[in-house]
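# This is a predicted model, with the sequence first.
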Amino acid sequence: MVMLTRGIEGGHLALPEYGVRFEFQNQSLFIFNGAKILHGVTPIHRVKPKGYRYSVVYYSLKGMSQCGSAEEEIEFLKKSKTKAAINRLDRMKNDPEKLKVARAKLEAQRLKATALKKKAEAL
């Protein structure tokens, strides 16, 4: 993906399974397998009136041709994200604060998957 930013703070790419986040300068390029690696973006705050953050994301044609129906993709997403979340929880079981944060993220993922399902059903 290519990042175009100006006049903002935050908006870092977070890879929670690896415990890292990346801060991008304007016109940065970052390549990773977003379909396989759980990722998100930290909160974005405008520090200038016309601040912005755009990410231009590329998908491979080969991968796109293997996509299923909206329902199939939602089920795949729910299963793969749930497995990743369970693995994270197992690694964090001895750290109550990290476990609390991970559980909150898992609930957010569940709500997002439910919203995607409703959206797909409306199509």
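Looks like it came in fine.
# Tell me how many other residues crowd A102.
A102: 19 surrounding residues under other Cβ atoms under 10 Å. In this view, the C-beta of every residue, glycine as well, is placed from N, C-alpha and C.
# swap in the one 10 residues further on?
By the criterion of other Cβ under 10 Å, K112 has 13 neighbours.
# Tell me which residues of stretch 99-112 come out buried.
By 16 or more other Cβ atoms under 10 Å, the buried positions in stretch 99-112 come out as A102, K105, L106, Q109.
# In strands, which of the residues you listed appear?
Nothing among these maps onto strands, per DSSP state E.
# Can you tell me which of those is closest to V47?
K105 (26.4 Å; Cβ to Cβ).
# From P43, how far off is that closest one?
14 Å (Cβ to Cβ, to the nearest Å).
# Take the buried residues of stretch 99-112 and write them to CSV, including distance to E72.
Below are the buried residues of stretch 99-112 laid out as CSV (distance: Cβ to Cβ, whole Å):
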residue, distance to E72
A102, 27
K105, 24
L106, 22
Q109, 18
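# Looking at those, which one is closest to N33?
Distances from N33 to the buried residues of stretch 99-112, taken by Cβ to Cβ, are shortest for Q109, at 18.0 Å.
# What score does that closest one have for pLDDT?
Looking at Q109, its pLDDT reads 77.
# Repeat that for R53.
92.
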